[in-house]
Structure formats: structure tokens, C-alpha cells
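1. My questions concern the predicted model and sequence given below.
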Amino acid sequence: MSENASDQGPDHAHAPCAHAHARAAALPEAIAAAQAACAERGVRLTPIRKAVLEALFASHAPLGAYEILDALNAAGAEEGPGESKSGRGLAPIAIYRALDFLIEQGFAHKLTSRNAFTACPHDHAPHELVAFLICDVCGGVDELSTTPLAEAIGAMLATERFAPRQQVLEIAGTCAHCRGG
């Protein structure tokens, strides 16, 4: 047990979570895949949509729309006066529209329990069951989509004759990294 009662787990400043490494490593491939998918589908990955997706991949924890807005406005401010595309900060509606597009295209997910969004590093169909493992300590999110789980849930839904609009399972707990394993 830690001597400091405020400690929430391992010192992540010295040993970043696997979530953070995985997200950062996935960014270039994810952006390229999103651009290719958009070209194939005849839709545009506009600069704002791309920036929102990059912000989601830059964080190992899910982000709220206003956290994304703050990150993008801060990045725009770093460009210097007159260098941002619009010359002013982004509006919240722009972030929400970008998020709607990213979710519709399968590039991001909304975590309802957190009212936050996370990038989707997997190539699965929009109707497939997705399970999120959300770490209470570091805030990291792992996404799982397995056939046995989908089949079990599908059988339960069929028995109840229930037609799901969305299939998302959110499981909160402590990741292996934060448990020290």
C-alpha cells in the first residue's frame, strides 16, 4: 500500500500506460485508414474532422467535446496570430458535427457513461457489439469486439425478440498496468 493516501495507482509520469503508447502508435495508420475509407465511401475527412480524430487518438482516455474543443483551440493559438485557418477559435457545434461524422463512419465511439468520445482503432461494422474496458485509475480505454461475446448477446436478444439500435458494453475497473501487472 502506498504511503501517500492520494495515490491512485502507479506513477504514470515514469511509466506511461500501455493505453497511451497504443493510441500514439496507432495515429498515423488510423488517419491513413480513415482517409482511404472516406475516399472509398465518397465522403470527406475535412481538416476539422481530421483534427478531432487526431485529438481522440492523442489521448488514452475518452474526451468530452469541450475537452476536444479546448485542445484544438490551444493548438490553433500555438500557430500564432493570423496563422489559424479561421482566425478565431472553433465553436462547439463544429466539434459535435465532426464527432457525429466520425461516429457515423466508425472512426470513433461515444462512451455514454462518461459522456465522452474515444477513437476507434478497430475495423468493425457499425452494428457489431463493442465492449469497452474503462480504467478507473488512469482513464484509459481498451476496445474489444469478439465473436463469442457477440454471439452470446445476440442469442439473448433473439430470445427476447429485441432489435438493438446500438450494441455497446462499458465495463469499469482497473487495467493491468495500473494493477501493476
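-> Alright, I've got the coordinates.

2. right, and the helix or strand after the helix ranked longest in the chain?
-> Ranked by residue count, the top helix of the chain under DSSP state H comes out as helix 18-41. Later in the chain than helix 18-41, the nearest helix or strand by DSSP states H and E is helix 47-58.

3. ok, so what distance separates residue 95 from residue 148?
-> According to CB to CB, to the nearest Å, residue 95 and residue 148 sit 36 Å apart. Bear in mind the C-beta positions are built from the backbone N, C-alpha and C, glycine included.

4. With adjacent residues omitted, what lies nearest to residue 175?
-> Distances taken as CB to CB, 6 or more residues apart in numbering put residue 135 closest to residue 175, at 4.0 Å, once the chain neighbours are dropped.

5. Backbone torsions only: list them for that neighbour.
-> The phi and psi values for residue 135, taken as degrees, to the nearest 10, are phi -80, psi 130.

6. May I have the beta-bridge partners of it?
-> Applying DSSP bridges to residue 135 gives these bridge partners: residue 173.

7. Tell me, how many residues neighbour it?
-> The number of residues packed near residue 135 is 22, by other CB atoms under 10 Å.

8. ok, now which ones touch the residue positioned nearest the centre of the chain?
-> Residue closest to the average C-alpha location in the chain (CA atoms, centre = their mean): residue 118, at 1.2 Å. Residues counted as contacts of residue 118 (CB atoms under 8 Å, 6 or more residues apart in numbering) are 56, 62, 63, 108, 109, 111, 132, 141, 143.

9. Now do the SS call for it.
-> strand (DSSP: H, G, I helix; E, B strand; the rest coil).

10. residue ranges of the helices in this protein, please?
-> Taking DSSP H as the criterion, the chain carries its helices at 18-41, 47-58, 65-78, 92-104, 147-160, 176-179.

11. Poorly predicted segments of this protein, please.
-> Residues of the chain that meet the criterion pLDDT under 70 lie in 1-19, 77-88, 126, 181.

12. 50 instead, please
-> Along the chain, segments meeting pLDDT under 50 span 1-14, 80-87.

13. backbone phi and psi for residue 115, please?
-> Residue torsions, per degrees, to the nearest 10, at residue 115 are phi 50, psi 50.

14. ok, so what distance separates it from residue 66?
-> Noted for residue 115: a distance of 10 Å to residue 66, by CB to CB.

15. Residue 143 now?
-> 23 Å.

16. With neighbour numbers in mind, choose between those two.
-> Using other CB under 10 Å, the more surrounded residue of residue 143 and residue 66 is residue 143, with 16 against 10.
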